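[1] Requesting a structural model of the entry that follows:
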Amino acid sequence: MNQIEIMRADPVIVCHGQTAEVKGRQRELFRLLILHKGRTVSNELIAQLRDTDIDAVRSKIRYLRDQMKEIGCEKLIEVDRSSGYRICLPEWHVDAWEFRDAVEPLAGRFDVEFAANLSVELAQEYADKLKRVLALWHENPAANLPHELGFEATFEELKRRADDLLLIARLRIGEIREAIQGLEHRARYAPDDATWEFLLLAHDAAGSQLALTWEKIVKHYTDRQRNTRIPAKLTHLMGQLGAGAFSNPFRVLQETDNDSAIQTVRTERSADDAQSLFSLCSLLGITTASQLRLADSHLTPQACIQRTRNRLYFAGVLASKWVIDPAIRSEFDRLLSRLDKGNGDVRFLVINPAGDAFLRLNDLREGNVSTESIAPLKQLADRHRSLNVRLYDNLPAFRIVVIDDDVVSFSPYRLAADAYLASGRGWEAPHVVLDPMANYPLAEAFLMVFMETWERAVPIGEVL
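    Residues are numbered from 1 along each chain as shown. Reported below is the predicted structural model:
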């Protein structure tokens, strides 16, 4: 079978039993053509690849053809003389499309309720399929391609979903040790409430002592997320496990204390509200389908950093997720260094910690507000000419994110303490991504709100 593998550092072509690797500066071009799946890729888009300009497009195509010629498949690249180039692969097997087609249809959430209701038979089917396609993944097939195309984010999301579902499937079919290894990795690098919940249940199923896991949970919520509380659901679960209430990780957790019940109801209501808001925006023609997941989209700081090419605006409370975690702050720092060399424009609007609005917010969240992000924001602003930080003195209704000229998103804030916790502490709450080119571009309205607030705000250097 003729096949192409682009989910690796050097793409591989197998044609009529002969194999060739695509190396050097042609790798991104090859991936770009493959991912467009038979559609013409314009010269202008190819010119956006690194180490390429519009005059170098033809030579880059020629070098790629030379590599493909070694195994007799250079004719796969077709010329559309009016606009660009394309690769047609009607009878070829492509690893990236096998991965996507296998993962996309698998529904599922990374939570205990989904695991509890997943049959062993279906879990085994999931596990077999996911192990096979995850073995194909050596690298994001869209690595180093222009972020605005959305391919890289799409495949990262599919990879995350595949990893989540495989962990749940392994728990369900009894591969507890393998599941614990995966959960421990997640807890080390990208933990969330569900990760800790599953880790407690998995260790309990394996007969492990839970004290060490609980110590990690306490450290996570008190060290990495300053002044935040351990979720009531985890505290409640730990109490039940300590009392011997569970013997496997598949029973649906029954919240019996009032705080947990209130949090569960509000979380569900938050999700319903976000979906209704997205539906309304779609009906009014202010959003449009794209590579972004518009409904229930999570634009994390990492995703924003990866997507930004020239402009990034943020309006929120204190921007702690951008600068408190050392890894994210380092990524943000690198972005600013890159934008310093050009005409980068990064503007951050955060609440004035010395103002009346901050005092009201601190009361609403019962003292669960930290200002430790202010000092690093000022340090970054002093060091990078592309970053400007201003402080405003009012309670925000929305978090607003603007990326270049084509992404504007907003999500409503939950300012009260219990609502704040139930909404997933902000960045885990759904965002609505607006299309600036839609028939009724509400994106302009949110950009206007941002700019009006910006004009009234005070530069951070004048306050600190």
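
[2] With adjacent residues omitted, what lies nearest to residue 33?
    Leaving aside its sequence neighbours, residue 33 sits nearest to residue 87 (Cβ to Cβ, 6 or more residues apart in numbering; 4.4 Å). (Glycine included, C-beta is placed from N, CA and C.)

[3] That neighbour bridge partners, please.
    Beta-bridge partners of residue 87, counted by DSSP bridges, are residue 77.

[4] Could you report the neighbour count for it?
    23 (other Cβ atoms under 10 Å).

[5] and what of the one 3 residues further on?
    Taking other Cβ under 10 Å as the neighbour definition, residue 90 ends up with a count of 5.

[6] Apart from its neighbours in sequence, what residue is nearest it?
    Leaving aside its sequence neighbours, residue 90 sits nearest to residue 38 (Cβ to Cβ, 6+ apart; 7.9 Å).

[7] go on, residue 384?
    residue 336 (4.0 Å).

[8] so the one you found touches residue 344, yeah?
    Yes. Counting by Cβ atoms under 8 Å, residue 336 does reach residue 344; the two are 7.3 Å apart.

[9] where do the contact lists of those two overlap?
    Common contact partners of residue 336 and residue 344 (Cβ atoms under 8 Å, 6 or more residues apart in numbering): residue 386.

[10] Now do the helices in the stretch 251-400 of the chain.
    Secondary structure of the stretch 251-400 of the chain (DSSP state H, counting those that start in this stretch): helices at 258-284, 301-307, 320-323, 326-340, 356-364, 374-383.

[11] you'd agree the residue nearest to residue 33 is up against residue 75?
    No. Residue 87 is not in contact with residue 75 according to Cβ under 8 Å; the separation is 10.2 Å.

[12] Which residue ranges make up the domains of this structure?
    By the assignment in automatic domain parsing, the chain contains the domains 3-93, 97-242, 263-463.

[13] Just send these back as a markdown table, with mean pLDDT too.
    Output for the domains of the chain, formatted as a markdown table (pLDDT from 0 to 100):
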| stretch | mean pLDDT |
| --- | --- |
| domain 3-93 | 88 |
| domain 97-242 | 86 |
| domain 263-463 | 74 |
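
[14] So which bits of stretch 308-323 are buried?
    By neighbour count on 16 or more other Cβ atoms under 10 Å, the buried set for stretch 308-323 is 308-309, 311-323.

[15] how about the CA coordinates for that stretch, as PDB?
    The C-alpha trace of stretch 308-323 is given here as PDB (Å, rounded to 0.1, in the frame of the first residue of the first chain):
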ATOM      1  CA  THR A 308      -0.200  35.200  18.300                       C
ATOM      2  CA  ARG A 309       1.800  36.500  15.400                       C
ATOM      3  CA  ASN A 310       1.700  40.300  15.900                       C
ATOM      4  CA  ARG A 311      -1.100  41.400  18.300                       C
ATOM      5  CA  LEU A 312      -2.400  40.100  21.600                       C
ATOM      6  CA  TYR A 313      -4.900  42.000  23.800                       C
ATOM      7  CA  PHE A 314      -6.100  40.600  27.200                       C
ATOM      8  CA  ALA A 315      -8.600  42.100  29.600                       C
ATOM      9  CA  GLY A 316      -9.300  40.200  32.800                       C
ATOM     10  CA  VAL A 317      -8.900  40.300  36.500                       C
ATOM     11  CA  LEU A 318      -5.200  39.800  37.400                       C
ATOM     12  CA  ALA A 319      -3.700  37.700  34.500                       C
ATOM     13  CA  SER A 320      -2.200  35.200  37.000                       C
ATOM     14  CA  LYS A 321      -2.400  32.300  34.600                       C
ATOM     15  CA  TRP A 322       0.000  34.100  32.300                       C
ATOM     16  CA  VAL A 323       2.900  34.700  34.700                       C
END
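
[16] Can you tell me the closest non-neighbouring residue to residue 184?
    residue 199 (7.1 Å).

[17] Run a quick neighbour tally on that neighbour.
    As a burial measure, residue 199 scores 25 neighbours (other Cβ under 10 Å).

[18] That one - that's part of a strand, no?
    No. Judged by DSSP: H, G, I helix; E, B strand; the rest coil, residue 199 forms no part of a strand; its state is helix.

[19] right, and it touches residue 182 too?
    No. Using Cβ under 8 Å, residue 199 is not in contact with residue 182; the gap is 9.8 Å.

[20] which element is the closest residue in space to residue 151 that isn't next to it in sequence on?
    By the measure of Cβ to Cβ, 6+ apart, the closest residue to residue 151 outside its immediate chain neighbours is residue 142, 3.6 Å from it. Following DSSP states H and E, one finds residue 142 outside all helices and strands.

[21] Now do the strands in the chain.
    Counting by DSSP state E, the chain has strands at residues 3-5, 12-15, 18-21, 41-42, 77-80, 84-87, 93-94, 311-315, 345-351, 387-392, 398-403, 407-412, 432-434, 458-459.

[22] ok, and for the second one, which residues are buried?
    Burial within strand 12-15, assessed by neighbour count using 16+ other Cβ under 10 Å, is assigned to 13, 14, 15.

[23] from these, which is closest to residue 375?
    residue 13 (52.1 Å; Cβ to Cβ).

[24] residues contacting the closest one?
    Shown in contact with residue 13 (Cβ under 8 Å, 6+ apart): 3, 4, 19, 20, 21, 22, 68, 71, 73.

[25] Quick one: buried ones out of the residues you listed?
    Buried members of the contacts of residue 13, counted by 16+ other Cβ under 10 Å: 4, 20, 22, 68, 71, 73.

[26] can you pull the contacts of the fourth one?
    The reference is to residue 68. With contacts defined as Cβ under 8 Å, 6+ apart, the neighbours of residue 68 are 13, 20, 22, 74, 76, 77.

[27] So what's the residue count around the last one?
    When you say that, I think you mean residue 77. Based on other Cβ under 10 Å, the number of other residues close to residue 77 is 18.

[28] hang on, isn't it packed against residue 61?
    Yes. With contacts counted by Cβ under 8 Å, residue 77 reaches residue 61, the gap being 6.6 Å.

[29] Grab the nearest non-local neighbour of the residue lying farthest from the centre of the chain.
    Within the chain, the residue lying farthest from the chain centre (Cα atoms, centre = their mean) is residue 72, at 39.8 Å. Take residue 72 and drop its neighbours on the chain: the residue closest to it by Cβ to Cβ, 6+ apart is residue 15, 6.3 Å away.
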